[in-house]
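Peer 1: A predicted structure for the sequence below; I have some questions about it.
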Amino acid sequence: MTTLDEEGCGQSELTSAYAVQALPASDVAAAEAHIAACPHCQRELAALRPVVDRFVSWPTDVLRPPTPLQARLAQRIAADTGREPVPPPAPQWREPDWEQVAPGIECKLLATDGERHRVSMLVRLAPGARYPAHTHAGVEELHLLDGELWIDERKLVPGDYNYGPPGASDERVWSETGCTCVLVTSTRDTLR
């Protein structure tokens, strides 16, 4: 004989929809209250979290149908279920802000890969700014967009690409003119 706990509480579909943020706003509070009181659904939600977290890196423009198709699907589902249609969500993306990370150095984070300890960002150095000496924990790739940048004794100009292998060190990184670059690097680089 199976127990209710082995079978689940009968709300696993609700918990799954909550985990992927697919519930209508009007149902979220009830779902949260149920999950808070149900050990089975708490375990289910905990098991779903790693899967849902991996969705963050998926290209949403490929996974999400166009807005007109979403609207038609919502109308059709509403007609079949007798419920109000759930409109497509409003776009959530916004331009990341520039953050000052050191005097004269600003970054705009574009993407992170926590598993591989990698980041992609735009980096902007003010005229005369210097980046600290550092050792690469992984591959560092830099593409200069504007201005001039010196890495040790090498001068980069717009369009130049610099490859820094793991374990290599950059002793002097500075810009007389100011510059902007795309930088893909490890989050584990060692600053000196």
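Peer 2: Sure, I can see it.
Peer 1: Would you mark the buried spots in the top helix by length along the chain?
Peer 2: Counting by DSSP state H, the longest helix found in the chain is helix 39-55. Within helix 39-55, the residues that count as buried by 16 or more other Cβ atoms under 10 Å are His40, Cys41, Glu44, Leu45, Leu48. For the C-beta atoms, the positions are set from N, CA and C on the backbone; glycine is no exception.
Peer 1: In contact with the fourth one: list those residues for me.
Peer 2: Spelled out, that is Leu45. By Cβ atoms under 8 Å, 6 or more residues apart in numbering, the contact list for Leu45 reads Thr15, Tyr18, Ala19, Ile35.
Peer 1: Report how many residues lie close to the closest residue to the second one other than its chain neighbours.
Peer 2: Leaving aside its chain neighbours, Tyr18 sits nearest to Ala31 (4.4 Å; criterion: Cβ to Cβ, 6 or more residues apart in numbering). The local packing count at Ala31 equals 18, with neighbours defined by other Cβ atoms under 10 Å.
Peer 1: Val139 touches Pro165, doesn't it?
Peer 2: Yes. The criterion here is Cβ atoms under 8 Å, and Val139 meets it with Pro165 at 6.4 Å.
Peer 1: The two: which has the busier surroundings?
Peer 2: Shown here are Val139 and Pro165; by other Cβ under 10 Å, Val139 has more neighbours (14 against 9).
Peer 1: for the more buried one, what are its contacts?
Peer 2: Val139 neighbours (Cβ under 8 Å, 6+ apart): Tyr163, Gly164, Pro165, Pro166, Val184, Thr185, Ser186.
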